[in-house]
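Visitor: I'll drop the sequence and a predicted model, then ask my questions.
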Amino acid sequence: DAGVIQSPRHEVTEMGQEVTLRCKPISGHNSLFWYRQTMMRGLELLIYFNNNVPIDDSGMPEDRFSAKMPNASFSTLKIQPSEPRDSAVYFCASSFEGAYEQYFGPGTRLTVT
Amino acid sequence: SQKIEQNSEALNIQEGKTATLTCNYTNYSPAYLQWYRQDPGRGPVFLLLIRENEKEKRKERLKVTFDTTLKQSLFHITASQPADSATYLCALPPYGGSQGNLIFGKGTKLSVKP
């Protein structure tokens, strides 16, 4: 099993640009989570999908952030326009319904200048 | 709102000793608690889950306890090795949250010196 796949691994962009982060969950997992990790705030849940449907997006910081899951094997997190305070490591995780442990991808390190 | 506190940002110990990490939480009693390991530049990796009706759980050199009265979990690594050096995160489901959701502590960075 390849595990959770995220791309790109690193992204450097200028303020105001659109950023799209991608995630492929583990095959057969039907829950998908997007997290953001910073030194100050730790690991924070942004949004959670179950069976491709957004269940809880209360962690999405503001309207500049949006997430989609068009099918069971792909999700995107988009930031438009990006700001320097969005700089962080963004993780995608997946889990199987009924199980509690989550499997994390390697993360995307985003730097907004 | 809930708070999770891992009371040490960093813990330094000598190889062979037992490392003990603490996770305290407030405001409600979760049905379970999890521990994850995170290495630099990588995502967290699940280690152990302990349920509210379990006092203790073991996996190889790892032991986790869960005291619902104290609202505390302890994570022990016995016979620690330099390879155990990493950041350890505790996580629990949020009050009223959907199944599978987790909130994470900020972690304790463990360094095991040879």
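Guide: Nice, I can see it. Residues are numbered from 1 along each chain as shown, chains lettered A, B, ... in the order given.
Visitor: what about A:Ile55, how many neighbours?
Guide: Around A:Ile55 there are 17 other residues, counting by other CB atoms under 10 Å in any protein chain shown. No exception for glycine: its C-beta is placed from N, CA and C like everyone else's.
Visitor: helix, strand, or coil at it?
Guide: Classification of A:Ile55 by DSSP: H, G, I helix; E, B strand; the rest coil places it in strand.
Visitor: was I right about it contacting A:Tyr48?
Guide: Yes - here A:Ile55 reaches A:Tyr48: they are 5.1 Å apart, a contact under CB atoms under 8 Å.
Visitor: who's the nearest residue to A:Tyr100 once chain neighbours are set aside bridged to?
Guide: Closest residue to A:Tyr100 apart from its sequence neighbours, by CB to CB, 6 or more residues apart in numbering or on different chains: B:Leu49 at 5.7 Å. Assessed by DSSP bridges, B:Leu49 has beta-bridge partners B:Gln34.
Visitor: per-residue confidence at B:Leu49?
Guide: Looking at B:Leu49, its pLDDT is 95.
Visitor: do B:Gln99 as well
Guide: For B:Gln99, the predicted pLDDT is 65.
Visitor: just want the most central residue of chain A.
Guide: A:Trp34 (3.3 Å; CA atoms, centre = their mean).
Visitor: same question for the helix or strand hosting that one, mean pLDDT?
Guide: Applying DSSP states H and E as the criterion places A:Trp34 in strand A:31-38. For strand A:31-38, the mean per-residue pLDDT is 96.
Visitor: chain A contacts on chain B?
Guide: Counting by CB under 8 Å from any CB of the partner chain, chain B comes close to chain A at B:32, B:34, B:41-46, B:49, B:89, B:93, B:97-107.
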